[in-house]
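*Asks:* Provided below for reference: sequence and predicted model.
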Amino acid sequence: MNKELIFLRTFAVTTGLAVSTFLFSSFRENGNQTFETIDVQRINIVEADGTVKMIVTNAGLFPNGTDQINGRNTNSDRKKRAGMLFFNEDGIECGGLIYDGEKKENGHSSGLSLTFDQYDGDQVMQLLTTDSQRGDERFVSSSLVFNDRPAKESQEKTREIMAELSTLRASDPEAFKAKYAEYQKMELLGGAPRIMLGKSRSQNNGLFLFDDQGRPRAMFYLDKENNPKLEAFDAEGNVTSTWPEK
């Protein structure tokens with residue numbers, strides 16, 4: 001009896017190892033696999049050397065804070081959302097797609113953002129839509145936005161600077177403003193929207209132009225009553241010319 005038990009156990013272990021080896025070898029030899037449905041929480045698309053090039057993830061595994069991708073820190077202030085992140089050949093984040101939407105106590109809130117970053121910086125192009133409702137009021141805005149970014153910014157340096165400024169803002173607001181202006185002059189912080197094409201929150205549809213400080217300077221649009229309008233502004237926001245003339 002003991003000999004039979006030993007034989008059966010040996011046979012079972014040997015068979016299991018053989019099946020595992022066969023399956024493992026099959027997957028290694030054939031790089032293409034076909035599946036009808038895959039349920040997964042996150043997928044990392046990597047190069048042969050292990051560099052992450054794209055992440056597709058649910059909200060729970062969206063990288064932020066203490067997570068590192070390609071040996072680099074991720075944005076700790078970014079909310080976790082389902083979506084995608086893109087990385088360039090140097091392993092630096094260079095854009096992404098995020099979206100969300102949920103019922104609220106008195107309405108709903110939803111949005112989608114597809115962004116592309118300048119090298120080692122923040123977004124310079126964004127496709128954006130937001131939809132919020134509070135009671136009987138609903139606000140929908142959809143636009144294609146182009147931004148200027150500081151010439152010398154880098155993602156790692158920006159994180160360091162913002163951590164410094166966050167502490168300073170809480171303790172000394174005036175010193176915070178001075179330090180922020182200093183970093184702007186060094187072209188390490190700042191940036192501004194320059195062109196927006198789409199529907200504004202006020203429901204005007206058109207082309208909106210901004211100066212290098214992000215101030216509105218010209219608008220060509222159709223208002224909510226479908227009237228075409230052209231307006232120009234000075235740096236203080238005063239209307240300098242309109243068409244049609246009032």
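*Replies:* It's in.

*Asks:* so what sits opposite residue 134 in the bridge?
*Replies:* Counting by DSSP bridges, residue 134 is bridged to residue 107, residue 137.

*Asks:* neighbours of the nearest residue to residue 144 once chain neighbours are set aside, just the number please.
*Replies:* For residue 144, ignoring the flanking residues on the chain, the nearest one in space by C-beta to C-beta, 6 or more residues apart in numbering is residue 197 at 4.8 Å. The way it works is simple: take the backbone N, C-alpha and C, and place the C-beta from them, glycine included. Neighbour count for residue 197, taken as other C-beta atoms under 10 Å: 13.

*Asks:* where are the low-confidence patches of this protein?
*Replies:* 1-30, 246 (pLDDT under 70).

*Asks:* most centrally placed residue in it?
*Replies:* residue 96 (4.6 Å; C-alpha atoms, centre = their mean).

*Asks:* and the gap between residue 88 and residue 120?
*Replies:* Separation of residue 88 from residue 120 (C-beta to C-beta, to the nearest Å): 9 Å.

*Asks:* wait, the residue nearest to residue 144 touches residue 207, no?
*Replies:* Yes - assessed by C-beta atoms under 8 Å, residue 197 is found in contact with residue 207 at 5.5 Å.

*Asks:* overlap of the contact sets of these two?
*Replies:* Counting by C-beta atoms under 8 Å, 6 or more residues apart in numbering, residue 197 and residue 207 have no contacts in common.

*Asks:* before we move on, the earlier item: tell me which element the residue nearest to residue 144 falls in.
*Replies:* Per DSSP states H and E, residue 197 falls inside strand 192-199.

*Asks:* who touches that strand?
*Replies:* Taking C-beta under 8 Å, 6+ apart as the rule, strand 192-199 contacts 140-148, 205-214.

*Asks:* that one pairs with which strands, and in what direction?
*Replies:* Sheet pairing for strand 192-199, using DSSP bridges, gives strand 137-148 (antiparallel), strand 205-210 (antiparallel).

*Asks:* from those, which stretch is densest packed?
*Replies:* strand 205-210 (a mean of 17; mean count of other C-beta atoms under 10 Å).

*Asks:* pretty sure residue 164 sits in a helix.
*Replies:* Yes - counting by DSSP: H, G, I helix; E, B strand; the rest coil, residue 164 is found in a helix.

*Asks:* show me where this protein has strands.
*Replies:* For the chain, the strands defined by DSSP state E occupy 42-46, 52-57, 68-69, 72-73, 83-87, 93-104, 107-117, 123-134, 137-148, 192-199, 205-210, 216-222, 228-233, 239-243.

*Asks:* now render those as CSV, adding distance to residue 179.
*Replies:* Shown next, in CSV, are those (distance: least, C-beta to C-beta, whole Å):
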stretch, distance to residue 179
strand 42-46, 37
strand 52-57, 34
strand 68-69, 28
strand 72-73, 22
strand 83-87, 30
strand 93-104, 26
strand 107-117, 24
strand 123-134, 24
strand 137-148, 21
strand 192-199, 19
strand 205-210, 25
strand 216-222, 27
strand 228-233, 30
strand 239-243, 34
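
*Asks:* hmm, back to that, buried stuff in the strand holding residue 197?
*Replies:* Buried residues in strand 192-199, defined by neighbour count with 16 or more other C-beta atoms under 10 Å: 193-194, 196, 198-199.

*Asks:* give the burial count for the nearest residue to residue 54 once chain neighbours are set aside, as a bare number.
*Replies:* Spatial nearest neighbour of residue 54, chain neighbours left out: residue 45 (4.1 Å); criterion: C-beta to C-beta, 6+ apart. Residue 45 has 13 neighbours, counted by other C-beta under 10 Å.

*Asks:* could you report the separation of residue 45 from residue 125?
*Replies:* 22 Å.
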